[in-house]
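**Q** Okay, structure incoming, though there's no sequence with it:
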């Protein structure tokens, strides 16, 4: 990952075909588009503490899913602006997320 003058650029190493996170940086929420299949996404703060887990719903119909993170922790408390890290459980997906403000 590296930060540019206008945002965060992700190094594409081919590990996340069909994945996107937008907008990034974000203020109110960020939407993840994930490829077909059940996935668990974990979000960590800059100290490595797990702050939130998101999972795609079970669906008998295969296809991509969308998940939205509203910048809150697992208890529903609004998290401060800063850098967060997204990691797919059991998968290669890793992303840097930048939350711009506290709404």
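**A** Perfect, thanks for sending it. Keep in mind that what you see is a predicted model, and the values were worked out from it rather than measured.
**Q** what ranges of this structure fall below the confidence cut-off?
**A** Residue ranges of the chain with pLDDT under 70: 1-17, 60, 102-103.
**Q** does the residue at minimal distance from the centre of the chain count as helix, strand or coil?
**A** The centre of the chain sits closest to residue 86, judged by Cα atoms, centre = their mean, with a distance of 4.7 Å. Under DSSP: H, G, I helix; E, B strand; the rest coil, residue 86 falls in the strand class.
**Q** Against residue 62, how distant is it?
**A** Residue 86 is 23 Å from residue 62, where distance means Cβ to Cβ, to the nearest Å. Bear in mind the C-beta positions are built from the backbone N, C-alpha and C, glycine included.
**Q** Once you drop chain neighbours, what's closest to the residue nearest to the centre of the chain?
**A** Excluding its sequence neighbours, the residue lying closest to residue 86 (Cβ to Cβ, 6 or more residues apart in numbering) is residue 95, at 4.2 Å.
**Q** do residue 53 as well
**A** Nearest one to residue 53, counting by Cβ to Cβ, 6+ apart, is residue 42 at 5.2 Å.
**Q** Contact partners for that neighbour?
**A** 50, 52-54, 86-89 (Cβ atoms under 8 Å, 6 or more residues apart in numbering).
**Q** Filter those residues down to the buried ones, ChimeraX style.
**A** In ChimeraX syntax, the buried subset of the contacts of residue 42 is picked out as below (16 or more other Cβ atoms under 10 Å):
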select :52,86,87,88
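**Q** Tell me the one among the contacts of residue 42 nearest to residue 20.
**A** residue 86 (11.7 Å; Cβ to Cβ).
**Q** Which neighbouring residues are in contact with the closest one, exactly?
**A** Taking Cβ under 8 Å, 6+ apart as the test, what residue 86 contacts is 21, 32, 41-43, 93-97.
**Q** Could you do residue 39 as well?
**A** 55-56, 65, 88-89, 91.
**Q** Could you rerun that using 6 Å?
**A** Contact partners of residue 39, counting by Cβ atoms under 6 Å, 6 or more residues apart in numbering, are 56, 88.
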